[in-house]
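# return atomic coordinates for the entry below.
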Amino acid sequence: MQQTRTFSDKIWLVLKGLFMGAANKVPGVSGGVVAFVAGFYEEFIYSLQKVNKKAFALLINGRFKSFFQYINGRFLGLLILGMVISYFSISKILDYLIVHYELFVWSTFFGMIIGSIYYIAKDFGEWNRKYLAYLLCGIIAGVSISFLEPARQNSNLIFVFFCGIISVSGMTLPGLSGSFILILLGNYVLLLVDAVNALFDTFSDLVQGDTGFISNPERIQMLKILAVFTLGSLTGLVSLSHVLGYVLKRFKKATYAVIIGFIAGSLGVVWPWKTKQIEYDNYGNIIVDANGNEIIKGYDRYWPSDFSFETFWAILFIFVGIALVLSLDIYHKNKKRPTNG
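Got it, this is the predicted structure:
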């Protein structure tokens with residue numbers, strides 16, 4: 001059943017989509033965590049679950065209004081609008097910040113994840129051995145994934161479709177970063193940098209009335225890759241939402257315990273103090289992709305050896321990240337509080 005939304009609610013939903021889209025693009029950060037903390041995770045999952053046989057029957061029969069209402073289209077549409085805008089705005093800003101202020105960006109995300117763990121766990125209720133076991137399984141899975149070695153880039157369209165299915169796990173399963181999974185599969189730069197940039201360049205060309213890209217085989221190939229990746233992502237969103245919708249209805253506390261553990265285990269991925277492991281060829285030269293970007297095969301994590309000015313700011317940004325999440329908690333509490341009059 002769709003909720004009645006005010007204009008401010010609609011703006012907030014687009015903004016939530018913006019942050020969710022930005023989080024999905026950052027390796028180690030899960031868009032699902034944003035959905036969880038912002039209070040629309042279950043509605044998101046159950047709305048996606050409505051994309052089923054009945055929805056397609058309504059669509060095929062031309063009952064577009066009924067189809068839109070059935071899938072909670074206003075909610076999904078505003079959220080997806082925010083995500084799309086994000087890929088051409090906030091995510092670009094994040095790319096710049098990660099390049100120039102990497103330590104502080106990772107520190108903020110680290111704090112946000114700590115805040116998210118508190119936010120999700122505070123209303124969990126009583127813990128028993130069974131739920132602690134689920135929590136431990138989630139932690140082990142999260143830590144294990146964070147130490148896997150990345151594969152090589154692969155532009156095969158079948159593999160790209162598979163990448164699309166896997167990458168949206170970060171939107172539906174809090175704590176599992178879709179971008180980090182793409183790094184492990186070797187296709188992060190290809191799909192979230194090169195292909196997105198190709199689409200952006202294509203839009204720019206069309207606005208200027210330039211259709212010369214049609215005769216550019218590299219551009220066309222990139223657009224094909226992005227289209228297949230998008231199709232895989234939509235397939236993954238719908239299929240994973242059905243699975244999660246099922247387990248949330250029947251094993252809600254157990255699912256939450258695993259999610260909390262998974263988010264805790266993912267802290268290693270966004271640990272602020274780390275150095276990149278750059279890929280080198282047999283002659284000691286740095287290997288780059290088609291756009292000249294260094295290919296990263298992993299990270300070496302370390303503890304800061306001294307309490308420098310930079311370390312102080314990094315710790316401060318961790319607390320800023322925690323405060324951002326807790327402020328959302330305060331906002332939701334105030335929104336639910338009844339007003340007099």
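
# which residues sit in contact with Lys10?
Leu78 (Cβ atoms under 8 Å, 6 or more residues apart in numbering). The C-beta positions use only the backbone N, C-alpha and C, and glycine is treated the same way.

# export the helix or strand where Cys163 lies as PDB, just CAs?
In this assignment (DSSP states H and E), Cys163 forms part of helix 157-167. Provided in PDB are the C-alpha atoms of helix 157-167 (Å, rounded to 0.1, in the frame of the first residue of the first chain):
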ATOM      1  CA  LEU A 157      29.000  -9.300 -22.100                       C
ATOM      2  CA  ILE A 158      27.800 -12.400 -20.400                       C
ATOM      3  CA  PHE A 159      30.200 -11.800 -17.500                       C
ATOM      4  CA  VAL A 160      29.200  -8.100 -17.500                       C
ATOM      5  CA  PHE A 161      25.500  -9.200 -17.100                       C
ATOM      6  CA  PHE A 162      26.600 -11.400 -14.200                       C
ATOM      7  CA  CYS A 163      28.500  -8.400 -12.700                       C
ATOM      8  CA  GLY A 164      25.300  -6.400 -12.900                       C
ATOM      9  CA  ILE A 165      23.400  -9.000 -10.900                       C
ATOM     10  CA  ILE A 166      26.100  -9.200  -8.200                       C
ATOM     11  CA  SER A 167      26.800  -5.500  -8.000                       C
END
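
# can you name every helix or strand that that helix contacts?
With contacts defined as 3 or more Cβ pairs under 8 Å, 6 or more residues apart in numbering; DSSP states H and E, the packing partners of helix 157-167 are helix 178-185, helix 217-250.

# buried residues, the following helix or strand past the last one. List them.
Meaning helix 217-250. The helix or strand immediately downstream of helix 217-250 is helix 252-265, counting by DSSP H and E. For helix 252-265, the neighbour count (16 or more other Cβ atoms under 10 Å) marks Ala254, Thr255, Tyr256, Ala257, Val258, Ile259, Ile260, Gly261, Phe262, Ile263, Ala264, Gly265 as buried.

# for the helix holding Cys163, give me every contacting residue.
Applying Cβ under 8 Å, 6+ apart, the external contacts of helix 157-167 come out as 154, 178-179, 181-182, 185, 187, 191, 224-225, 228-236, 239.

# next, Gln277: secondary structure please.
Three-state assignment for Gln277 (DSSP: H, G, I helix; E, B strand; the rest coil): strand.

# wait, it sits on Asp300?
Yes - counting by Cβ atoms under 8 Å, Asp300 is a contact partner of Gln277 at 6.2 Å.

# neighbour count for these two, which is higher?
Shown here are Gln277 and Asp300; by other Cβ atoms under 10 Å, Gln277 has more neighbours (14 against 9).

# re the thing from before, report the buried members of the contacts of helix 157-167.
Applying 16+ other Cβ under 10 Å to the contacts of helix 157-167 flags 178-179, 181-182, 185, 187, 191, 225, 228-230, 232-233, 236 as buried.

# following the chain past the helix holding Cys163, name the next helix or strand.
Where DSSP H and E defines the elements, the next helix or strand beyond helix 157-167 is helix 169-172.

# so what secondary structure elements neighbour that following helix?
Using 3+ Cβ pairs under 8 Å, 6+ apart, the elements in contact with helix 169-172 are helix 7-25, helix 31-37, helix 178-185, helix 217-250.

# got the angle between the first one and helix 217-250?
Using axes from the mean of the first three to the mean of the last three Cα atoms, to 10 degrees, the interaxial angle of helix 7-25 with respect to helix 217-250 works out to 110 degrees.
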